[in-house]
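Undergrad: Provided below for reference: sequence and predicted model.
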Amino acid sequence: MKLDWRHYLGLALLTFALFLPGRMSLPPLDRDEPRYMEASAQMLESGNFVDVRFLDQPRYLQPAGIYWLESGAEALFGGPHHRHVAWPYRIPSLIAVSCAVALTAYLGNLLFGGMAGLLAAGLLAVSTLMTAEGRMATIDTVLLLDILLVETALLRAFLDRQAERPTPVSTALLYWAALGCGLMLKGPVVLIPGFGTLLALATIERSIAWWSRLRPAWGWLIMLAIVLPWCIAIDVVSHGNFFSRAVGNNFLGKIGHGQQAHGSPPGFHLGVFLLAFWPGSLFAALALPAIWQRRAEPSVRFLLCWILPHWLIFEAIATKLPHYVLPTYPSIAILTAASLTRWPLQVARARWTKWLLGLYGVLWGVLGLAFVAAGTVLLWRLEHRTNTGAMIAALGALPLLLLSFRMLWQGDRTKAVLSVMASAVIVHAGLFLTVIPNLQTIQLAPRAAALFDDYRPCEDSTLVSVSYSEPSLAFLVGSNTKLLGVEAAAHYLHDNGSCALALVDRRDEDKFRAAMKELGLNVSEYGRVSGLNYSNGHQLDLGLYAPVAN
């Protein structure tokens, strides 16, 4: 079976439909998502599309590409009345995840046929990490799509070399343009897979002759033409600070030490793979004997050279987050799908390998049961109530998960993976449609922003947050938000009290009142919200205060 454009279009539309539900009801997630959204909103409001800022601080972490996409989506689908609504900013990631899944099917079809392509696309789409990143307004799925385009161009040139046919100019244009766009998204990170795959193949084959098929003599000019104008502009505007921070601190700084408490030893990505690629993680592990046996085959060699340089580099650097190796997941999904659809079943021979895979399978099964129960348990633990939708999702997913256990025990991996993929779709739908929107305890920022809106004294009022510095609060309230300490907050209210309110936790209330009293002011409490700060696990009881003269 071979796939054509209709299959890819249908797969993209199906992925779009799977990732669409819940986007409008979900509050800002994670800590990075509201940073991207607020910076994009400020870019649109200010009209400055060169210098990216979060509140009153420059955001010199990566180039402006993702902020252009998100501010463009907000301009097209949002508007002034949608300034503090998350869903328009999530449109680029929705389109990217839909295209990335379809492109994975295309690559799988090129290498191993249509069934492998479809199964690989499914494994990628339902993986835990892709399910989460594809619903957030962050850079990761957009970067994944860009890297997939880079690898597509490399694969086309590689296959042309294998078939001894000429490589069209369009392939070279795709490669260099995708590298340029990747540089505009995440800076030098895109060069790791962009050149890493090529260099790994050259090392194994002891030849780099097919590199000429990508027209390097002039192709690099296309890459520079995409990224250089903005680089010059930001260097002038920031007086060189952007490159010292983005490259020196953010990019190179991650190599030597863990930034933002994300330092982990080598092996981190391998350890979290069980969760991040679930439910495909067990089937990827079971495919290892077959992959090793076929490692010399050109198709397998190309995919391994896609995975290993990227994976090893991000295992070696000190700062580690699960999404750093997301660009390798399409290749892993394709190899896993090939082992299920094209290759005879390979069983590990060594006893220790069998025991290791058996233990991995047990952990995989326990994790699956935890996923099924997670929604109902979270609602009960945090909200002390049940939800009909969450229970329906759990009861619908459990039989399919148990069926996959049975199929695995019987040795039918293909039916097992299809069954567990269906179970994962139901679990994800339950989590994002009925569970997360109802977890009010962890939605402190939306409730604090709503309280502020009820009592704001002016149209452009400022919220001074003393005890709660989550980026989601800044996005929901707006660019007038100030994240200050007790003393600084008191002085700001003293100077701007007519159009400012303060958000203070009960633990900081006495210090805040004392600081205000020293400046000759009292405070009046307008209301309170309480809940769990999900980023650090602290319980907060936040009061909204206005300054009052003695």
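TA: Done, it's in. Numbering: from 1, shown residues only.
Undergrad: From here on, just use CA atoms for contacts and neighbour counts.
TA: Noted.
Undergrad: Domains in the chain, by residue range?
TA: For the chain, the structural domains run 5-341, 364-438, 441-549, going by automatic domain parsing.
Undergrad: What is the distance between the first one and the centre of its chain?
TA: Read it as domain 5-341. Its chain's C-alpha centre and that of domain 5-341 lie 10 Å apart, by Cα atoms, centre = their mean, to the nearest Å.
Undergrad: end to end, how far does that domain reach?
TA: Length of domain 5-341, first residue to last, Cα to Cα, to the nearest Å: 21 Å.
Undergrad: Check the second one too.
TA: Distance between the boundary residues of domain 364-438 (Cα to Cα) amounts to 28 Å.
Undergrad: Run through the residues that contact the nearest residue to L521 once chain neighbours are set aside.
TA: Spatially, and ignoring its direct neighbours in sequence, L521 is nearest to A549 (4.8 Å; Cα to Cα, 6 or more residues apart in numbering). With contacts defined as Cα atoms under 8 Å, 6 or more residues apart in numbering, A549 is in contact with G520, L521, N522.
Undergrad: Could you rerun that using 10 Å?
TA: Shown in contact with A549 (Cα atoms under 10 Å, 6 or more residues apart in numbering): H494, G497, M516, K517, L519, G520, L521, N522, V523, S524.
Undergrad: Quick one: those as TSV, columns for secondary structure, pLDDT and distance to A488 too.
TA: Formatted as TSV, the contacts of A549 follow (DSSP: H, G, I helix; E, B strand; the rest coil; pLDDT from 0 to 100; distance: Cα to Cα, whole Å):
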residue	secondary structure	pLDDT	distance to A488
H494	helix	88	10
G497	helix	77	13
M516	helix	92	10
K517	helix	91	14
L519	coil	89	12
G520	coil	88	15
L521	strand	88	14
N522	strand	89	16
V523	strand	89	15
S524	strand	91	18
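Undergrad: returning to what we had before: how close does the residue nearest to L521 get to G520?
TA: Taking Cα to Cα, one finds A549 at 7 Å from G520.
Undergrad: coming back round to it: show me which of the contacts of A549 is closest to L369.
TA: Minimum distance to L369 across the contacts of A549 is 49.2 Å, recorded for S524 (Cα to Cα).
Undergrad: So what sits opposite that closest one in the bridge?
TA: Judged by DSSP bridges, the bridge partners of S524 are A546.
Undergrad: picking that back up, mind putting the domains of the chain in a markdown table, distance to A350 included?
TA: Listed next are the domains of the chain as a markdown table, based on distance: least, Cα to Cα, whole Å:
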| stretch | distance to A350 |
| --- | --- |
| domain 5-341 | 11 |
| domain 364-438 | 18 |
| domain 441-549 | 43 |
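Undergrad: For the longest helix along the chain, give the mean pLDDT please.
TA: Using DSSP state H to define each element, the chain has its longest helix at helix 351-378. Helix 351-378 shows a mean pLDDT of 91.
Undergrad: tell me which strands and helices that helix is in contact with?
TA: Secondary-structure packing of helix 351-378 (3 or more Cα pairs under 10 Å, 6 or more residues apart in numbering; DSSP states H and E): helix 268-276, helix 280-286, helix 388-409, helix 413-430.
Undergrad: So which of those is nearest L304?
TA: Using Cα to Cα, the nearest of the helices and strands packed on helix 351-378 to L304 is helix 280-286, at 13.0 Å.
Undergrad: L357: which of the domains of the chain is closest?
TA: Per Cα to Cα, nearest to L357 of these: domain 5-341, 7.2 Å.
Undergrad: Can you name the residues that contact T386?
TA: G375, T376, V377, L378, L379, W380, V435.
Undergrad: now swap in W352 and tell me
TA: Contacts of W352 (Cα under 10 Å, 6+ apart): G358.
Undergrad: State the distance from it to L345.
TA: 19 Å.
Undergrad: where do the helices sit along the stretch 201-350 of the chain?
TA: Ranges of helices within the stretch 201-350 of the chain are 216-238, 241-243, 253-256, 268-276, 280-286, 288-293, 298-316, 329-341, based on DSSP state H, counting those that start in this stretch.
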